[in-house]
Every structure is written in C-alpha cells, then in structure tokens.
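A.B. asks: After the sequence you'll find the predicted model.
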Amino acid sequence: MSTIIDIPEEKAIQVNNFDFTYAGADEPNLKNITMPIAKNKVTALIGPSGCGKTTLLRAFNRMHDLYPGNTYKGEIIFEGRNILQEKEDMIKLRTQIGMIFQKPTAFPMSIFDNVAYGMRLKGIKNKTELQDRVEKALKDAAIWKETQKRLKHDANGLSGGQQQRLCIARAIAVEPEVLLFDEPTSALDPISTQGIEKLIIELKEKVSILIVTHNMQQAARVSDYTGFMYLGDLIELGKTEELFVTPAEKLTEEYITGKFG
Amino acid sequence: MTHTEKRILVNKLVMILSSLSAAVGIAFLLWILSVLVINGIDAINWNIFIYEGAPPGYEESGLKHALIGQLILIGVSTLIGVPLGILAGAYLSEYGGLKSKLANVIRDISDIMMSAPSIVIGVFVYAMIINRDSFLYDNWFSQNIWSGLSFSPALAGSFSGWAGIIALTIIMVPIILRTTDDMLQLVPTTLREAAFALGAPKYKVILQVVIRGAKTGILTGVLLGVARVSGETAPLLFTSFNDNFLNTDLSEPIASLTVTMFNYATSPYEDWQKLGWAAAFILSMFILGLNILGRLLLHTRKKK
C-alpha cells in the first residue's frame, strides 16, 4: 500500500519496480520502489533509521557496486537509459550524478586540487580553464570568499562546514545533472547547516537534487517533494507541503507526528 | 599477619620487583649507549670522512669507503624496496581486503619474514645468486628445476653490491608492506567512496587519494624499514662482502659500515678497533635519527 503522486514537471530520473538486495541478505532490502525525481527540484527522502533511504540514494550512482554481491532489479531510467544495466559506464554515470556524503570528505590535497579533481579526471588540463571553473564552482558553493586567498592550502585546514561546501564545489565543478545528498548536515553545527540548506535551494536552478535526511524540519525547509520510506518500502511520495500537512498514508502521519521513529 | 597486611605487603613487593626489572633494562641500554658515545666520540675525527681503509699503523685511514658503500647499499635497496612494498601493501588493503584468503596468507608470510633471522636471507641470496653450483645436487630436481631458478646469471660467481642490495630489499619489503597495509586501512571508507563518486577509476582512487591520505603513516613505515636494514650485517657478510677501498661498482664487492665494523672491531690492532667504534657510533646515530624522525611523524599524525 503506497501513495505515489504523479509530478507535473519534467523528470530527471524515473525509478520503476526497483528492488535492491545486499550481499547475503535473504530478501530484498528495498522492495518494489517506483518514484519520479523531478528536474530542477529538490526531492527529500525521510524515514526512521534503517528504512533504506541511504540505500536507495546510493543506487542512483551505483555506489553499491564497490562492494561485491549486491544485486539490483527493476529500472532506474536516467536520460532515456536504464542505469542498472551491466553495460552502464560507472565513470560517466558518476560524473553525471554526483554525491555529497554525510561527513565532509576533503581529499588530502590543496583546496584548488580538491575542486579540480573531478575536472582533471574528465581530462581538462588547460590551466586557465581549470582556474576559471574552480573559481566558479567555489563561488557557486558560496565558499569563494573564505578560500580565494588560500587555494594552495591543505583542504583539511578548513572547518567542517567549509569542507562540506568544498565537497559541494567539487561535485558541481564537473557540472552533473543530478546531485545526491546523504544527510549532508548531520555532522555540522546549526549555522553551517543553515548555509548548506540555503545552498541546496540555490543549486536546484542548475541540478536536480535528491537529499536523504533524518531531520524532518530540514526536508520541509529545502524540498519540493518528499518521500517517506519505511522498512524498505516507499510508503508515500508527495508535494512537501501536502505530505507534511495532509499525508495520505496513516504510517506517514504517525511518523511525522512523532508516534514512532 | 592479617589479610590486609598481607595484601599491602604483596602489593609493595610486586611494585618493587617490576620497578627493579625496568631499571635493569634501562640500565643496560644506558650502559651500551654511554660506552658507545664515549668510545665513538673519542674515535671520530675528520680523517674518518676523508680517507679510505689502510693497513694498521697508518695515520691516513678512515671510513669513507664504508660510509659511501653503506649509503649506496641502503639508498638503492630503498629505491627498489619502497615502491615494491607500498604497491604490495596497496594490493593487500585495496584489492585484497581483510576477508581475502590470499591477502591474509601474504600478511602471515610477511609477518614471518619480518622475524626471520636475517642471516637466513643472506644465505638464501648467496645460494641463489652467488654460489649456485655448490647447491646443485646430483638428482633430477636439482639438475632440472633448481638450476633453472636464478635471479641473474650475470651476478653469479662473485660477491657483489647487487647481491647485498637484493638481500636488504628482501628484508625491507615485508616491513613496508605491512605498515602500508595497516595505514591504508585506517583511511576512512567514505574518502574512497567520495573519489569513486566523482568518477575516478580505482587505480586513481588508490594512488591519488588513499595513499596520499596515509602518507605520514607510510613514511613512518619506510623510515622504520630503512632503519632496520641499515643495521644489518649478517645478510651482507656473504653477499656484498667487503672492500677496504672506495668502490661504487655494484657488480663488485662493496664496503658497508656494518661489515667494516665487524672486521675492524675483531682485529688485534688498536687503531682499527678505534675505527670500529667510530663506525658503530655513526651507524647508531643514523638509526636513532631515523627512529626519532619516524616517531615524530607518527606523533604529528595522531595529533591531527
């Protein structure tokens, strides 16, 4: 039993009857998920711990492939192709669908090299082009002011919130179509959190965003659509303002009113 | 005696015994160091760095040949051993992982190699490279299989710097391999995932992100490995052998501080014994320095 609304906007991704099973699990950890992800909108996934929201998120850039034995079933349609197919090129897919992790993941190199990393992987070697695009990415991630004078410094010298912005800059520098955020503010203080949330709302002009959060208020603040997951099922997907005010499913209502989870 | 009194007595006894044991250990260390420093400083002068070996009684005799030989031996085996050890460690941590049987077998073997007597490795290199014929027996295996296994026929028949370098490298690799393996496993998984998520192929993730993230730890392992082989005598005794004069040709026998020290210290001539002290002092300071550097690096890493 689930309620998935149809969205009027163009879709960035369409998930159809998607099952996911972790290596060694007896039954699927994600069951028959069908959902659209709207283009240039923010879609949030909420639900109690262990409900599978991060598992679902990590399927979109095939992160699960890094560990042997995990299996996908069904379809995730992106740019007209099913990205779950064997022949999918992981490297291309991951430059089109970027990811921001729970903890900041600044690489052990300079701020400049961090942001340039993805572009260099794509084969961009021209110095002026790299410089221009690093600057643009840092500006877009609202961290240019703090970093412009110390681009050559070690990225690990930045604060947690700054590092998370740096990671966002690094991800958007390769101009992806979709950005996946995996609880991006759970390791940050309230002020940094506010900054990242503002940034997410600004970024949707350029990319489609899917964000996993354990914080319902955050989902309400930043997202256009919200999906509620429970025990591997997508229970409900709706417009954020509707889902939080008039949920269609009883389980959703119980969760958002704090009866469990 | 009441129960409490007995407990207090035993308590004191154990404390005194363990403190004494610790003191004995430290006393020996200080004794060795002070004898070394007193005799070493007394023996050191500029001549040591200027002159090569000379017959006993000559003023112009020094350790230049052994110092340079030692640096060449250590330098070249470091150049070969470090990339080998780091790449093998990267294999264990990044391609094998903790669950892989093959990786665990390699881990166990290198742990055994680390504690293997270094003279055994010297004998091995001697048998495999320098004097293979004396190890060929009159049976099918020896004549057909064993005789076909060799590092390089060009090195056979004579002691050489290369043979010494091979022995030192064999000792060094397991140390670097295991530290690299351990240090790479401390790099958070999310850092690897973040690099993969940007579309990096696995070899770039390993070489550009993971190894870089563990660089201080790996450097510590390298320093400890270099320090370990710097003090080795046994594997050099019958591989690189010795030379009383300066030689930089690695296909010839080459002098090392350790073997020179052994020869001079066991000689009956007082001036040679003095040179032995000087060699011991210089070598110990070098190894002490490497160890301190390694510890400092590890310390700064922890503070981060």
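C.D. replies: Noted; the coordinates are in hand.

A.B. asks: Residue in chain B with the shortest distance to chain A?
C.D. replies: As assessed by CB to the nearest CB, chain A sits closest to B:Ala194 within chain B, at 3.6 Å. Every residue, glycine included, has its C-beta placed from N, CA and C.

A.B. asks: could you pull out the helices for the stretch 51-200 of chain A?
C.D. replies: A:53-57, A:90-96, A:111-121, A:127-140, A:144-147, A:160-173, A:190-203 (DSSP state H, counting those that start in this stretch).

A.B. asks: could I get those as CSV with distance to B:Met183, mean pLDDT and mean neighbour count?
C.D. replies: Shown next, in CSV, are the helices of the stretch 51-200 of chain A (distance: least, CB to CB, whole Å; pLDDT from 0 to 100; neighbours: other CB atoms under 10 Å in any protein chain shown):
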stretch, distance to B:Met183, mean pLDDT, mean neighbour count
helix A:53-57, 28, 95, 22
helix A:90-96, 26, 93, 18
helix A:111-121, 21, 94, 23
helix A:127-140, 30, 93, 16
helix A:144-147, 29, 91, 16
helix A:160-173, 22, 93, 25
helix A:190-203, 30, 91, 17
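
A.B. asks: want to try CSV for those helices, with distance to B:Gly161 as columns?
C.D. replies: Shown next, in CSV, are these (distance: least, CB to CB, whole Å):
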stretch, distance to B:Gly161
helix A:53-57, 57
helix A:90-96, 45
helix A:111-121, 40
helix A:127-140, 44
helix A:144-147, 51
helix A:160-173, 48
helix A:190-203, 58
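
A.B. asks: Reformat those as a markdown table; add distance to chain B.
C.D. replies: Converted to a markdown table, the helices of the stretch 51-200 of chain A look like this (distance: least, CB to the nearest CB, whole Å):
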| stretch | distance to chain B |
| --- | --- |
| helix A:53-57 | 11 |
| helix A:90-96 | 4 |
| helix A:111-121 | 4 |
| helix A:127-140 | 12 |
| helix A:144-147 | 18 |
| helix A:160-173 | 7 |
| helix A:190-203 | 16 |
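
A.B. asks: for the residue of chain B closest to chain A, helix, strand, or coil?
C.D. replies: Put simply, B:Ala194 is helix when judged by DSSP: H, G, I helix; E, B strand; the rest coil.

A.B. asks: Next, count neighbours for it.
C.D. replies: 26 (other CB atoms under 10 Å in any protein chain shown).

A.B. asks: what do you get for A:Val174?
C.D. replies: For A:Val174, the count of nearby residues is 22 (other CB under 10 Å).

A.B. asks: where does the chain dip in pLDDT?
C.D. replies: No chain in the question, so chain A it is. A:1, A:261 (pLDDT under 70).

A.B. asks: Not quite, go with chain B.
C.D. replies: B:133-137, B:142-143, B:146-154, B:301-304.

A.B. asks: Grab the most central residue of it for me.
C.D. replies: Central residue of chain B (CA atoms, centre = their mean): B:Val229, 2.0 Å from the mean position.

A.B. asks: what packs against the helix or strand encompassing it?
C.D. replies: Assigning secondary structure by DSSP states H and E places B:Val229 in helix B:215-230. Counting contacts by 3 or more CB pairs under 8 Å, 6 or more residues apart in numbering or on different chains; DSSP states H and E, helix B:215-230 packs against helix B:64-90, helix B:161-186, helix B:270-303.

A.B. asks: what comes up buried for it?
C.D. replies: Burial within helix B:215-230, assessed by neighbour count using 16 or more other CB atoms under 10 Å in any protein chain shown, is assigned to B:216-230.

A.B. asks: May I have whatever helix or strand comes next after it as PDB, with CA atoms only?
C.D. replies: Downstream of helix B:215-230, the first helix or strand assigned by DSSP H and E is helix B:234-237. Only the C-alpha atoms of helix B:234-237 are listed here, as PDB (Å, rounded to 0.1, in the frame of the first residue of the first chain):
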ATOM      1  CA  ALA B 234      74.600 -10.900   8.500                       C
ATOM      2  CA  PRO B 235      72.900 -10.600   5.100                       C
ATOM      3  CA  LEU B 236      75.800  -8.600   3.800                       C
ATOM      4  CA  LEU B 237      78.600 -10.800   5.100                       C
END
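
A.B. asks: and helix B:234-237, how far from the chain's centre?
C.D. replies: Here helix B:234-237 is found 12 Å from its chain centre; the criterion is CA atoms, centre = their mean, to the nearest Å.

A.B. asks: Show me which parts of it are buried, residue by residue.
C.D. replies: Of all the residues in helix B:234-237, those buried under the rule 16+ other CB under 10 Å are B:Ala234, B:Pro235, B:Leu236, B:Leu237.

A.B. asks: For the stretch 1-150 of chain B, what lies in contact range of chain A?
C.D. replies: With CB under 8 Å from any CB of the partner chain as the criterion, the stretch 1-150 of chain B does not meet chain A at any residue.

A.B. asks: Next to chain B, which bits of chain A? Give me the list.
C.D. replies: Near chain B, when you scan chain A using CB under 8 Å from any CB, you find A:61, A:63, A:66, A:90-95, A:98-99, A:101-103, A:105, A:107-109, A:117-118, A:121-122, A:156, A:167, A:170-171, A:174.

A.B. asks: Let me see the backbone angles for the residue in the stretch 1-150 of chain A positioned nearest to chain B.
C.D. replies: Nearest residue of the stretch 1-150 of chain A to chain B (CB to the nearest CB) works out as A:Thr105 at 3.6 Å. Backbone torsions of A:Thr105, given as degrees, to the nearest 10, read phi -120, psi 50.

A.B. asks: Just list the residues touching it, thanks.
C.D. replies: A:Gln163, A:Cys167, B:Pro188, B:Thr190, B:Leu191, B:Glu193, B:Ala194 (CB atoms under 8 Å, 6 or more residues apart in numbering or on different chains).

A.B. asks: same deal with B:Pro201?
C.D. replies: Taking CB under 8 Å, 6+ apart, we find B:Pro201 in contact with A:Ile91.

A.B. asks: rewinding a little: can you tell me which of the contacts of A:Thr105 is closest to B:Val35?
C.D. replies: B:Pro188 (47.5 Å; CB to CB).

A.B. asks: how many other residues sit next to that closest one?
C.D. replies: Residues lying near B:Pro188 (other CB under 10 Å) number 13.

A.B. asks: quick one: it from B:Ile50, how far?
C.D. replies: Between B:Pro188 and B:Ile50 the computed distance is 52 Å (CB to CB, to the nearest Å).

A.B. asks: Equivalent analysis for A:Ser110, please.
C.D. replies: With CB to CB as the criterion, A:Ser110 and B:Ile50 are 45 Å apart.

A.B. asks: So between those two, which is more surrounded?
C.D. replies: The neighbour comparison of A:Ser110 against B:Ile50 (other CB under 10 Å) goes to A:Ser110, with 16 against 12.

A.B. asks: how about the residues of the stretch 151-300 of chain B near chain A?
C.D. replies: Contacts of the stretch 151-300 of chain B with chain A, taken as CB under 8 Å from any CB, map to B:188, B:190-201, B:204, B:208-209, B:212-213, B:215.

A.B. asks: ok, of those, which come out buried?
C.D. replies: B:191-200, B:204, B:208-209, B:213.

A.B. asks: Can you pick out the most distant pair from these?
C.D. replies: With CB to CB as the measure, no two of those lie farther apart than B:Gly199 and B:Gly213, at 18.7 Å.

A.B. asks: Need the residues that contact stretch B:264-277.
C.D. replies: Under CB under 8 Å, 6+ apart, the answer for stretch B:264-277 is B:36, B:39-40, B:42-43, B:48, B:56-58, B:61-63, B:260-261, B:263, B:279-280.

A.B. asks: wait, isn't A:Thr95 in contact with A:Arg120?
C.D. replies: No: in this structure, A:Thr95 is not within contact of A:Arg120 by CB atoms under 8 Å, at 11.9 Å.
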